[in-house]
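Below is the sequence, then the predicted model.
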Protein chains: 2
Amino acid sequence: VSEIRSIEWVPRQPGAPLPGSLRILDQTLLPERLVYRDIIRPEEVADAIRRLAVRGAPLLGVAAAYALVVAAQQAQQAGADTADAVRRAAALIRGTRPTAVNLFHGVDRILHILEHSSGSDDLALEIWKEADRLHREDREACEAIGRHGADLLPPGSRVLTHCNTGILATAGRGTALGAVYEAFRRHGKLHVFADETRPLWQGARLTAWELQQAGIPVTVLCDNAAAFLMASGQVDCIMVGADRIAANGDTANKVGTLALAIAARRYGLPFYVLAPVSTLDPSLPDGSGIEIEYRAAEEIVRPWGRNIAPQNVMVYAPAFDVTPAELITAIVTDRGIIRPPYERNIAAACGSSGSQRRATP
Amino acid sequence: VSEIRSIEWVPRQPGAPLPGSLRILDQTLLPERLVYRDIIRPEEVADAIRRLAVRGAPLLGVAAAYALVVAAQQAQQAGADTADAVRRAAALIRGTRPTAVNLFHGVDRILHILEHSSGSDDLALEIWKEADRLHREDREACEAIGRHGADLLPPGSRVLTHCNTGILATAGRGTALGAVYEAFRRHGKLHVFADETRPLWQGARLTAWELQQAGIPVTVLCDNAAAFLMASGQVDCIMVGADRIAANGDTANKVGTLALAIAARRYGLPFYVLAPVSTLDPSLPDGSGIEIEYRAAEEIVRPWGRNIAPQNVMVYAPAFDVTPAELITAIVTDRGIIRPPYERNIAAACGSSGSQRRATP
């Protein structure tokens, strides 16, 4: 697994990061084909984000930052106004997907550099450095989340998860799957149940694939079978990622998460959300303020080009849902495990090393 | 819609029912193709049941009975022992799918005829008459369920349903959808949300299709989005069918039903099960005794021949789950609406016109 990289900056020449290209693993083709794409234009990043070739909240943050690097590099090569090109690319990237706060966070980190730059010729390099720093931070955040999360997974744990929160969702080892990888490294006694995650099957296509690569036992199930799996005593806990967490702990995550949390409560199972602090959005008091992305009907009713519903049928297609904080046992972050009362403890986590968003590079 | 028939006996000549063939609508090809198949051998019925060309608990009961008609007819034409052929076909049909009690009920009804037959030359005809009677009874049961169920759907109702419980699941207008058809006939103000129902998409393929044919507004959603739909206040009640209902009201139905019932409880929404009394199985004290069918992994991980999961991944594939009675607001049958306490009221419903299983033809 260690050789699989969801995202990577590839310099054209050794010795200097620029010029270079952004290499992404096209996740739409997994598990059938492992295809990397080298990207040199911000529009290509936006396109990759929209069609979910790159997805996963933390990875979106890193991809967003690199999108501005390629914009800066392109402008510099063309002798155009670099700052202007970066700002236009920032607007483009912001318009791709609304729910994951990490994407906006990644853009903001780069814009902050822009605003505090001396206007030197090295602007593209300065931007690359910040993107690279964000990239490394995300990798380290995954390691920390994995360590804290693995403490919740004693030997023999049977973990139910949803969507993909691993190597393919982050720049590191993952959030919920980061905990799985670390627990498996510690004791090797673990079983993962992976919801297939309709409509785009990130659980079946991506989670099952990357766990299988790592030799971790994994069973795929339809999303609608998870409650019966819990009812029949085959699950010890639920671990999911997050796209945005409000100040009170309400959590937006891939659609289907809410149903799992409700069922987990009924069966007395701990329900854990694992995410870097960059996923916390203390600007929103609660989940009602989180913008939910709705996807095209075709993603649901035309899988692989086959009509699974009559023509022109109406479709309800939220990409995310919001799980109320009261159903969440704990939020596992790179800064430790946050438990209720969330309002106070999330504020403390955001403030614990200064501002959540780094004030200076 | 009225011309769509999920099942039909087609005499070869006008005037006499036998010889004839069993015509079924092959539901695996909907909504893309409307194909009927004429069947003259019991093995073909068994195959159609196994691959879900014919499905839906009440319809399985009628198909099972007709399977024994074709067995009797075939034996009679070949000069073989008719009773023996029927018994062998009964064993074959019993072995196809374990969960829906109606299938066993249909077989039992015919075997009862066999045991009480005088051994005349008209055995095949006697059997056909009983199958035809069962067929008409199911149609009438649907009408009665529809009337009782429609009383629960005032104008403007937004009904969430799962799988398919309509014309394609019964020999009549359906159970849960029977109520929808009748309510729409009464006031025309209704909206249906149809869970797609993985892995075989009976909700998207069949429910959406037959409601669209009838001009009833329908919205398809992924199963995992139902909880968020409820949370956002877009649903007034949930109506589902049943494959088997134990003496205490515990209900086996298409996998995913349990998750809906749990979420409905959280959001204070009524959760109705609609089924003919032939779906009641008072021989089982509770749901723990209901045998759950597990399907082949391929149905989940190879839709339309595409791999949505890595090769050889483990798959959890229950076709049904069991919803505990305490989550069920009411059970709507052809003999009226059964409310808690279920133990007493189900027993009363089963006994209210003699035995549940008719003692004499």
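Arrived safely.

which residues of the stretch 251-361 of chain A fall in strands?
With DSSP state E, counting those that start in this stretch as the criterion, the stretch 251-361 of chain A has strands at A:251-254, A:271-274, A:280-281, A:314-316, A:320-323, A:330-333, A:336-338.

What strands flank the fourth one, and is each parallel or antiparallel?
According to DSSP bridges, strand A:314-316 forms sheet pairs with strand B:218-221 (parallel).

Quick check: mean pLDDT of the partner strand?
In this model, strand B:218-221 carries a mean pLDDT of 98.

what's the closest non-adjacent residue to the residue of the stretch 51-200 of chain A found nearest chain B?
As assessed by C-beta to the nearest C-beta, chain B sits closest to residue A:198 within the stretch 51-200 of chain A, at 4.2 Å. In short, each C-beta sits where N, CA and C put it, glycine included. Closest residue to residue A:198 apart from its sequence neighbours, by C-beta to C-beta, 6 or more residues apart in numbering or on different chains: residue B:222 at 4.2 Å.

Relative to residue A:295, how far out is the residue nearest to residue A:223 when sequence neighbours are not counted?
Counting by C-beta to C-beta, 6+ apart, the nearest residue to residue A:223 once its immediate chain neighbours are dropped is residue B:224, at 3.9 Å. Residue B:224 sits 13 Å away from residue A:295 when distances are taken as C-beta to C-beta, to the nearest Å.

who has more neighbours, the two?
With neighbours defined as other C-beta atoms under 10 Å in any protein chain shown, residue B:224 and residue A:295 compare such that residue B:224 has more, 32 against 17.

correct me, but that one touches residue A:199?
No: here residue B:224 lies out of contact with residue A:199, judged by C-beta atoms under 8 Å, at a distance of 9.1 Å.

coming back round to it: can you tell me which of the strands of the stretch 251-361 of chain A is most buried?
Comparing those by mean neighbour count (mean count of other C-beta atoms under 10 Å in any protein chain shown), strand A:251-254 comes out on top with a mean of 30.

in terms of contact, does residue A:277 touch residue A:350 like I think?
Yes: the criterion here is C-beta under 8 Å, and residue A:277 meets it with residue A:350 at 6.5 Å.

interface residues of the stretch 251-361 of chain A facing chain B?
The interface of the stretch 251-361 of chain A toward chain B, taken as C-beta under 8 Å from any C-beta of the partner chain, is made up of A:255-256, A:258-259, A:262-263, A:266, A:300-301, A:303-304, A:306-310, A:313-318, A:321-322.

In helices, which of the residues you listed fall?
Residues of those located in helices (DSSP state H): A:258, A:259, A:262, A:263, A:266, A:300, A:301.

mind listing what residue A:242 touches?
Contact analysis of residue A:242 by C-beta atoms under 8 Å, 6 or more residues apart in numbering or on different chains lists A:57, A:175, A:251, A:252, A:253, A:273, A:274, A:275, A:279, A:331.

Out of those residues, which comes closest to residue B:99?
Closest approach to residue B:99 among those (C-beta to C-beta): residue A:253, at 32.6 Å.

distance of the residue nearest to that closest one when sequence neighbours are not counted from chain B?
Distances taken as C-beta to C-beta, 6+ apart put residue A:242 closest to residue A:253, at 5.0 Å, once the chain neighbours are dropped. The span separating residue A:242 from chain B equals 15 Å under the rule C-beta to the nearest C-beta, to the nearest Å.

so what's the residue in the stretch 1-150 of chain A positioned nearest to chain B scoring on pLDDT?
Going by C-beta to the nearest C-beta, chain B is nearest to residue A:31 of the stretch 1-150 of chain A, at 4.5 Å. Per-residue pLDDT puts residue A:31 at 94.

host element of it?
Assigned by DSSP states H and E, residue A:31 belongs to no helix or strand.

who touches it in this structure?
Contact partners of residue A:31, counting by C-beta under 8 Å, 6+ apart, are A:205, A:206, A:208, A:209, B:307, B:309, B:310.

Dihedrals phi and psi, it?
phi -90, psi 0 (degrees, to the nearest 10).

and if you look at residue A:241?
For residue A:241, the backbone dihedrals are phi -90, psi -160 (criterion: degrees, to the nearest 10).

need the contact list for it.
Per C-beta under 8 Å, 6+ apart, neighbours of residue A:241: A:56, A:57, A:163, A:165, A:169, A:175, A:176, A:253, A:254, A:273, A:274, A:275.

which one is it nearest to, not counting chain neighbours?
Leaving aside its chain neighbours, residue A:241 sits nearest to residue A:165 (3.6 Å; criterion: C-beta to C-beta, 6+ apart).

re earlier: looking at the contacts of residue A:241, which one is closest to residue B:148?
Among the contacts of residue A:241, residue A:254 lies closest to residue B:148 (C-beta to C-beta), at 38.7 Å.

give me the beta-bridge partners of the closest one?
Under the criterion used here (DSSP bridges), residue A:254 is bridged to residue A:320.

returning to what we had before: number of nearby residues for the residue nearest to residue A:198?
26.

does residue A:139 really touch residue A:172, like I thought?
Yes: with contact defined as C-beta under 8 Å, residue A:139 reaches residue A:172; the gap is 3.7 Å.

Between those two, tell me which one has more neighbours.
Neighbours were counted for residue A:139 and for residue A:172 using other C-beta under 10 Å; residue A:172 has more, 27 against 15.

Quick one, grab the pLDDT at the residue lying closest to the more buried one once chain neighbours are set aside.
Distances taken as C-beta to C-beta, 6+ apart place residue A:142 nearest to residue A:172, at 3.0 Å, with adjacent residues excluded. Per-residue pLDDT puts residue A:142 at 98.

got it, and the one 5 residues further on?
Among the per-residue scores, residue A:147 shows a pLDDT of 98.

got the contact list for it?
So residue A:147 contacts residue A:182 (C-beta under 8 Å, 6+ apart).

quick one, helices of chain A?
Using DSSP H, helices in chain A cover A:42-50, A:57-78, A:82-94, A:101-116, A:123-150, A:176-187, A:202, A:208-213, A:226-231, A:257-266, A:298-301, A:342-351.

Leaving out the residues flanking it, which one is nearest to residue A:297?
Sequence neighbours aside, residue A:315 is the residue nearest to residue A:297 in space, at 3.7 Å (criterion: C-beta to C-beta, 6+ apart).

For that neighbour, list each beta-bridge partner.
Beta bridges link residue A:315 to residue B:220, judged by DSSP bridges.

residues near the closest residue to chain B within the stretch 251-361 of chain A, how many?
Among all residues of the stretch 251-361 of chain A, residue A:256 sits closest to chain B, at 3.0 Å; criterion: C-beta to the nearest C-beta. Residue A:256 has 30 neighbours, counted by other C-beta under 10 Å.
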